[in-house]
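>>> The following comprises the amino acid sequence and a computationally predicted model.
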Amino acid sequence: MGIETGGQSFPLSELERLDWLRLIRSENVGPRTFYRLMKYYGSPRAALTALPDLARRGGASGPARVCSRADAEREIKTGQALGVRIVANGEAEYPERLAMIDDAPPLLAVRGKMAALTKPMIAIVGSRNASAAGIKFAERLGHDLGAAGFVIASGLARGIDAAAHRASVKTGTVAALAGGQDCIYPPENVPLADAIMADGALVTEMPMGWSPRARDFPRRNRLISGMSVAVVVIEAAQRSGSLITARLALEQGREVFAAPGSPLDPRCEGTNGLIKQGAAIVTEANDVINVIRPILGQPIELAEAPPDQPQPPVTEPRGTERSKICDLLGPTPVAIDDLVRTAESSPAAVRAVLLELEIAGRLRWHRGSQVALIPME
């Protein structure tokens, strides 16, 4: 998705970049919430000012934690010492395809060659506990796709990821990180990360000093698939992270390929399952190239930026209206359209109340633009 910022022009000024960073680092503000706040208030500065009242009206148990200017400046300064650049969704260096997904990071912290982010990418992912044959195939595929002009995207994990990165270091590869730029995981891949930056890049949406946790890796995986035209899976057990990447790729409208493997090898259960479900079989680079070339040959239609216009005044829902909307919410997901209709309220009023609950940490979003209330403890 293209970011809607009320006529925001790019590139950002350093002051605007600071405000963006403060907003995305504030409590209960993820990518989707960031975009909703920007659309509703028109600027990060206005959204930052509104956060405390939104949290209070949403029923937060305590005051909203808003990222301070000092903390944001410290993060930028710490990153700059490592050569980190912070790139905003909408700036020229931001990966074009990543910007099209619903939950694209508003900001990416990047080290290495920015040019690698603007070239067509193909993701190669797979088992951490890979077989020798799987690693050899990942290396061959990474090398051949790189020689054909593609940047290889992966997650810097052990096994297949590392093999794909190694094979494409000279032609360009991008590693998506689950932690901060100063918290490379696994530690033994620090030398590989350093080598990647010569002609490729390391990207993350996480702050400096952030050590990756288990739940951060699926979040990282959406960056791998989101940046790419296609995802190739080489060896993946059932319920593996690579299958999560494949699922995200399908949801994002990306092509998915899988390397067939022995039915006797548990590491191939996931890839063989993908093939049964319709994933294209890959045994050589041309299997991918022949599908991807026509896709890249089609013009990508980008939404034109709306002309600058004054933001409409923010209208707050009335007290009784707010109560009625909140009373209709519960632990069972409900569609926003149904909420508007049942509450006999305006979409703007419903969105305002949902923002308040979201900033208070009391709202959970589900698929299909459905929402549910998180019970207060």
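Cool, got the structure.
>>> From here on, just use CA atoms for contacts and neighbour counts.
Noted.
>>> Output stretch 203-215 as PDB, nothing but the C-alphas.
Provided in PDB are the C-alpha atoms of stretch 203-215 (Å, rounded to 0.1, in the frame of the first residue of the first chain):
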ATOM      1  CA  VAL A 203      17.300  -4.100   6.900                       C
ATOM      2  CA  THR A 204      15.100  -4.100  10.000                       C
ATOM      3  CA  GLU A 205      12.200  -2.300  11.500                       C
ATOM      4  CA  MET A 206      13.400  -3.000  15.100                       C
ATOM      5  CA  PRO A 207      15.200  -0.400  17.200                       C
ATOM      6  CA  MET A 208      18.900  -0.400  18.100                       C
ATOM      7  CA  GLY A 209      19.600  -2.700  21.000                       C
ATOM      8  CA  TRP A 210      16.700  -5.000  20.300                       C
ATOM      9  CA  SER A 211      17.500  -8.600  20.800                       C
ATOM     10  CA  PRO A 212      15.200 -10.800  18.700                       C
ATOM     11  CA  ARG A 213      12.600 -12.900  20.400                       C
ATOM     12  CA  ALA A 214      10.700 -15.900  18.900                       C
ATOM     13  CA  ARG A 215       7.700 -13.800  18.000                       C
END
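>>> and the gap between the residue of the chain most remote from its centre and Glu344?
Most distant from the centre of the chain: Thr320, at 37.1 Å, with distances by C-alpha atoms, centre = their mean. When distance is defined by C-alpha to C-alpha, to the nearest Å, Thr320 is 12 Å away from Glu344.
>>> Ok, Pro106 next?
33 Å.
>>> same question, Ile295
In this structure, Ile295 and Glu344 are 45 Å apart, going by C-alpha to C-alpha.
>>> quick one: the strands in the stretch 101-250 of the chain?
Using DSSP state E, counting those that start in this stretch, the strands found in the stretch 101-250 of the chain span residues 107-112, 121-126, 151-154, 173-176, 201-204, 230-234.
>>> by contact count, what packs against the last one?
Meaning strand 230-234. Helices and strands touching strand 230-234, by 3 or more C-alpha pairs under 8 Å, 6 or more residues apart in numbering; DSSP states H and E, are strand 121-126, helix 241-251, strand 255-258.
>>> Mean neighbour count, those: which tops it?
Across the helices and strands packed on strand 230-234, the average number of neighbours (mean count of other C-alpha atoms under 10 Å) peaks for strand 121-126, which reaches a mean of 31.
>>> other SSEs contacting that one?
strand 151-154, helix 160-167, helix 216-227, strand 230-234.
>>> circling back to that earlier point, the helices and strands packed on strand 230-234: which one's closest to Ala195?
Nearest to Ala195, of all the helices and strands packed on strand 230-234, is strand 121-126, at 17.9 Å by C-alpha to C-alpha.
>>> could I get that closest one in CSV with only the CA atoms?
Written as CSV, here are the backbone C-alpha positions of strand 121-126 (Å, rounded to 0.1, in the frame of the first residue of the first chain):
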residue,chain,number,x,y,z
MET,A,121,14.4,-9.3,-5.4
ILE,A,122,13.7,-13.0,-5.1
ALA,A,123,13.6,-14.6,-1.7
ILE,A,124,15.2,-17.9,-0.9
VAL,A,125,14.4,-19.4,2.5
GLY,A,126,14.4,-22.8,4.1
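>>> Switch the helices and strands packed on strand 121-126 over to JSON lines; also include distance to Asp287, mean pLDDT and mean neighbour count.
Shown next, in JSON lines, are those (distance: least, C-alpha to C-alpha, whole Å; pLDDT from 0 to 100; neighbours: other C-alpha atoms under 10 Å):
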{"stretch": "strand 151-154", "distance to Asp287": "16", "mean pLDDT": "98", "mean neighbour count": "31"}
{"stretch": "helix 160-167", "distance to Asp287": "17", "mean pLDDT": "97", "mean neighbour count": "27"}
{"stretch": "helix 216-227", "distance to Asp287": "18", "mean pLDDT": "97", "mean neighbour count": "24"}
{"stretch": "strand 230-234", "distance to Asp287": "11", "mean pLDDT": "97", "mean neighbour count": "28"}
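>>> if we compare those, which one ends up closest to Ser61?
Ser61 sits nearest to helix 216-227 of all those, at 25.7 Å, using C-alpha to C-alpha.
>>> which strands and helices sit next to the closest one?
strand 121-126, strand 151-154, strand 173-176, helix 241-251.
>>> buried stuff in the longest helix along the chain?
Ranked by residue count and defined by DSSP state H, the top helix of the chain is helix 132-147. Using 16 or more other C-alpha atoms under 10 Å as the test for burial, helix 132-147 gives 134-146.
>>> Check which helices and strands it is in contact with.
Against helix 132-147 (3+ C-alpha pairs under 8 Å, 6+ apart) you get strand 151-154, helix 160-167, helix 285-297.
>>> what's it in contact with?
124, 151-152, 159-160, 163-168, 171-172, 234-235, 284-285, 289 (C-alpha atoms under 8 Å, 6 or more residues apart in numbering).
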